[in-house]
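Undergrad: make a model of this:
(one chain, ligands or ions: 1)
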Amino acid sequence: NLAPSDTAPPTLTHCPYCALQCGMGLAVDGGRVEVVERADFPVNRGALCGKGRTAPALLDRAARLTEPLVRDPETGELAPASWDEALGVIAGRLQGTRDEHGADAVAVFGGGGLTNEKAYALGKFARVVLGTSQIDYNGRFCMSSAAAAGRKAFGVDRGLPFPLEDIPRTGCVILVGSNLAETMPPALRYFTELRENGGTLIVIDPRRTKTAEQADLHLAPRPGTDLALALGMLHLVVTQGRTDEAFIAERTTGWEGARPAVMAHWPELVERITGVPVPQLRRAVEMFCAPENAMVLTARGPEQQAKGTDTVGAWINLCLATGRAGRPLSGYGCLTGQGNGQGGREHGQKADQLPGYRDLADPAARAHVAEVWGVAPESLPRPGRSAYELLDALGGDIKSLILMASNPVVSAPRAAHIEERLRSLDFLAVADVVLSETAALADVVLPVTQWAEETGTLTNLEGRVLLRRRAVTAPSGVRSDLDVLSELAARLGVEKGFPTDPEEVFEELRRASAGGAADYSGITYRRLVEEDGVFWPCPENGETGTVDPMDGAVPGGGTAPKSTKAPDGAAPGPAKTPGAQHPGTPRLFLDRFATPDGRARFAAVTHRPAAEETDAEYPVVLTTGRVLAQYQSGAQTRRVPELNAAAPGPFVQLHPRLADRIGVGEGDPVAVVSRRGRAVAPARITTGIRADTVFMPFHWAGEGRANTLTNPALDPTSRMPEFKVCAVRLEPAAHR
Ligand code: SF4
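TA: So this is what the prediction gives:
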């Protein structure tokens, strides 16, 4: 168990925000906490964005909760309370709901920022203590479509199946719907180095973002049409005879099923659907196919669609048909967004999953995890509702909710409706660091520890498991989420099985994950300290790898093993050498994919329109996203003075022609109206966006809340809402 005193100052730790999980040092000097550069950490090599550099402001006690709050039934206001009282109220109300309405009337909502230990404990708490099937988390709104497509195609989903380190050494990268120059700026250097090495970068985005400005080629399709764009590119690959027939024959299945839709999307049709001119499409194909190696990386653009899984599948098809997968320096990857978006989806807080990335409906998975938990497999609930469906059911058959580290009042689609659902609950308990817009609606609010005040593991977008160490002492009035779950479990009759020490939880997580796709059983806290991160899968029991063709030169990741048969449908494991320690697996799929037959699967997908198309009443497309100085719902970053000064509020980005048409100038308030509501924010006029599209960042509540407008139409597989496309109209407006 690592306390601050175990490491000489500055304490080596990681940023509290995004999935890059930049390494940083934290030095404490007379009560003042300062960020110290860590050039030795391979992912960011010392670089940090403004969010990371200013993160110590989150520790400012004035900006955060330091005592529990319980809503006074007489005044209706939240008032300070003791921990004993607050926990007693929660336990009593959850028990009361269960007694009156059954276990599934209590729901649990987690977050993609929770450590692996917390995500694991939360999933176990829901299923063992509450016995509810109703648990999901806000990571569903992040990369779930890429996860679903990755699992379909490769048998396992790990955001990047290769380290970031490989990007500068490939020949071409297609970056689809990612503005990483703003969302994770230190990652931009990988793409800069790619270009310095003679490689090329293609960015696909309806906006000319800071990332697109770095590209050799920028394609700006109409939002929601990138599936057609991928089909059109693959059409040209086929007609130009550039498919890799040997790879298709030896390492894939399903090409014949995928091919008809590809052949039906000839370039001129794709131009009509996407707005991307045929010559640009041809140039993209040439750039992608000319070098020996190439990659496609997706982010929220193609993923946050009601056809997100199919859209990502179409981009994976492009990689498979050209033989650019399952070998070094080539492949498909997803740039996960949330801090522990990757680990958060592996350890059981998802509606349909158990720890180790196991399928909750799989009898063998249930038996394995039930044994670790000391319960009968049949006692484990069945899969429950996905995030939006769960939130939409609040106040219906779900009467009580316990929520950790999430702020759906700002981040959920159709947010006014979700806010109203939250208000309609019989009982809402929220554990958070700050009084977020969602916490402000709660009956009980618990103040919990945050990143630098606690130790825990996270898994970054590469599948690199990291130890984020405690660097400062938490305020006396707060407790960790693990304490909260342990206390509540005891009050609800489960005295054992919920340790409060994160390393003890991790030890159990290791056993629960053993043999699963995301196998952590060979990873220990000690190794994470010594090796500065280990890539999963990393099974225990003396397995070592054969050095892969990349010489195993992955800082912090050990060598990359060649794979053999995958256990339990899991990712490939290495060749066995008894007695040795598994080094972790920086690169997946080098010899085989993690499907039962070892072959990658093409997706038979075709283009279809967005769930909500533009029409005479709503003639403009709205797309949403993030800005440099804010993070997700803004609950943290809006409380950091420097960040708030840099990005103080929402805006509506629109093209001059559109601005002229509705009669607004720079800075004028614009009302954006969809079928779900109305938001007002100042106009920001630029030629760097399509004239048929407007963009709003989603970090704010109030009249500029972008998610008031967004469409909760769900992807049938991933249950991802269509954040990236909805139909709106624009009007000049006065701020309310
Ligand atoms: Fe933190 Fe992400 Fe910025 Fe790195 S890029 S400093 S992890 S917010």
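
Undergrad: any idea how far Ala153 is from Arg421?
TA: Note on Ala153: its distance to Arg421, by CB to CB, to the nearest Å, is 35 Å. Glycine gets a C-beta too; all of them are placed from N, C-alpha and C.

Undergrad: which of those two has more neighbours?
TA: Ala153 (26 against 21; other CB atoms under 10 Å).

Undergrad: can you classify the more buried one by secondary structure?
TA: helix (DSSP: H, G, I helix; E, B strand; the rest coil).

Undergrad: once you drop chain neighbours, what's closest to Arg527?
TA: In this structure, Arg527 finds its nearest non-sequential neighbour in Val534, 5.7 Å apart by CB to CB, 6 or more residues apart in numbering.

Undergrad: got the buried residues for the helix or strand containing Glu85?
TA: For Glu85, the host element (DSSP states H and E) is helix 83-101. Within helix 83-101, the residues that qualify as buried are 83, 86-91, 93-95, 97-98, counting by 16 or more other CB atoms under 10 Å.

Undergrad: return the distance of Arg282 relative to Thr311.
TA: In terms of CB to CB, Arg282 sits 21 Å off from Thr311.

Undergrad: pick out whichever of these two has more residues nearby.
TA: A direct count of neighbours by other CB under 10 Å for Arg282 and Thr311 places Thr311 higher, at 34 against 15.

Undergrad: what pLDDT does that one get?
TA: Here the pLDDT value assigned to Thr311 is 98.

Undergrad: now do the phi/psi pair for Val444.
TA: Main-chain torsions, Val444, degrees, to the nearest 10: phi -140, psi 130.

Undergrad: Thr115 contacts Thr457, correct?
TA: Yes - look at Thr115 against Thr457 with CB atoms under 8 Å: they come within range, at 6.0 Å.

Undergrad: hey, what's in contact with both of those two?
TA: Common neighbours of Thr115 and Thr457 (criterion: CB atoms under 8 Å, 6 or more residues apart in numbering): 343, 468, 502.

Undergrad: how close does the residue nearest to Ala220 when sequence neighbours are not counted sit to Ala727?
TA: Of all residues not flanking Ala220 in the chain, Pro206 sits nearest, at 5.3 Å (CB to CB, 6+ apart). Per CB to CB, Pro206 is found 15 Å from Ala727.

Undergrad: mind checking how far the helix or strand of the chain with the lowest mean pLDDT is from the chain centre?
TA: In the chain, the helix or strand scored least confidently by mean pLDDT, DSSP states H and E is helix 341-344, which has a mean of 88. Averaged C-alpha coordinates place helix 341-344 at 7 Å from its chain's average position (CA atoms, centre = their mean, to the nearest Å).

Undergrad: following element in sequence after that helix, please.
TA: For helix 341-344, the following helix or strand on the C-terminal side (DSSP H and E) is strand 353-354.

Undergrad: which SSE is immediately downstream of the strand or helix carrying Ile174?
TA: Element membership of Ile174 [criterion: DSSP H and E] is strand 172-176. Downstream of strand 172-176, the first helix or strand assigned by DSSP H and E is helix 180-183.

Undergrad: pLDDT on that next one, on average?
TA: 96.

Undergrad: and it, what does it pack onto?
TA: helix 188-196 (3 or more CB pairs under 8 Å, 6 or more residues apart in numbering; DSSP states H and E).

Undergrad: for the helix it packs on, output the C-alpha coordinates as CSV.
TA: In CSV, the C-alpha atoms belonging to helix 188-196 read as follows (Å, rounded to 0.1, in the frame of the first residue of the first chain):
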residue,chain,number,x,y,z
LEU,A,188,-0.4,15.6,-31.3
ARG,A,189,3.4,15.1,-31.2
TYR,A,190,3.0,11.5,-32.4
PHE,A,191,1.3,12.8,-35.5
THR,A,192,3.8,15.6,-36.0
GLU,A,193,6.6,13.0,-35.8
LEU,A,194,4.7,10.9,-38.3
ARG,A,195,4.8,13.7,-40.8
GLU,A,196,8.4,14.5,-40.0
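
Undergrad: who touches it?
TA: Applying CB under 8 Å, 6+ apart, the external contacts of helix 188-196 come out as 45, 47, 164-165, 167-170, 173, 175, 180-181, 200-201, 211, 214, 216.

Undergrad: buried ones among those residues?
TA: 47, 164-165, 167-168, 170, 173, 175, 180-181, 200-201, 211, 214, 216.

Undergrad: Pro206 and Ala727 - which one has more neighbours?
TA: Pro206 (28 against 21).

Undergrad: show me what contacts that one?
TA: 220-223, 621, 623, 689-690, 693, 695.

Undergrad: identify the farthest-apart pair in these.
TA: Pro221 and Phe695 (14.2 Å; CB to CB).

Undergrad: how about the contacts made by whichever residue of the stretch 201-350 of the chain sits closest to the ligand?
TA: Here the residue of the stretch 201-350 of the chain nearest the ligand is Gly339; by CB to the nearest ligand atom that distance is 7.2 Å. Contact partners of Gly339, counting by CB under 8 Å, 6+ apart, are 15-19, 21, 112-113, 458.

Undergrad: equivalent analysis for Gly275, please.
TA: By CB under 8 Å, 6+ apart, Gly275 lies in contact with 220-222, 225, 690, 692.

Undergrad: next: Val238.
TA: Applying CB under 8 Å, 6+ apart, the residues near Val238 are 259, 262-263, 321.

Undergrad: please redo it, this time with the cut-off set to 7 Å
TA: With contacts defined as CB atoms under 7 Å, 6 or more residues apart in numbering, Val238 is in contact with 262-263.

Undergrad: residues in contact with the residue in the stretch 101-250 of the chain that the ligand sits nearest to?
TA: In the stretch 101-250 of the chain, the residue that lies nearest the ligand is Met184 (4.0 Å; CB to the nearest ligand atom). If a contact means CB under 7 Å, 6+ apart, then Met184 has 18, 20 as its contacts.

Undergrad: the biggest strand by length in the chain pairs with which strands?
TA: Assignment by DSSP state E gives strand 677-685 as the longest strand of the chain. Using DSSP bridges, the strands paired with strand 677-685 are strand 652-654 (parallel), strand 669-674 (antiparallel).
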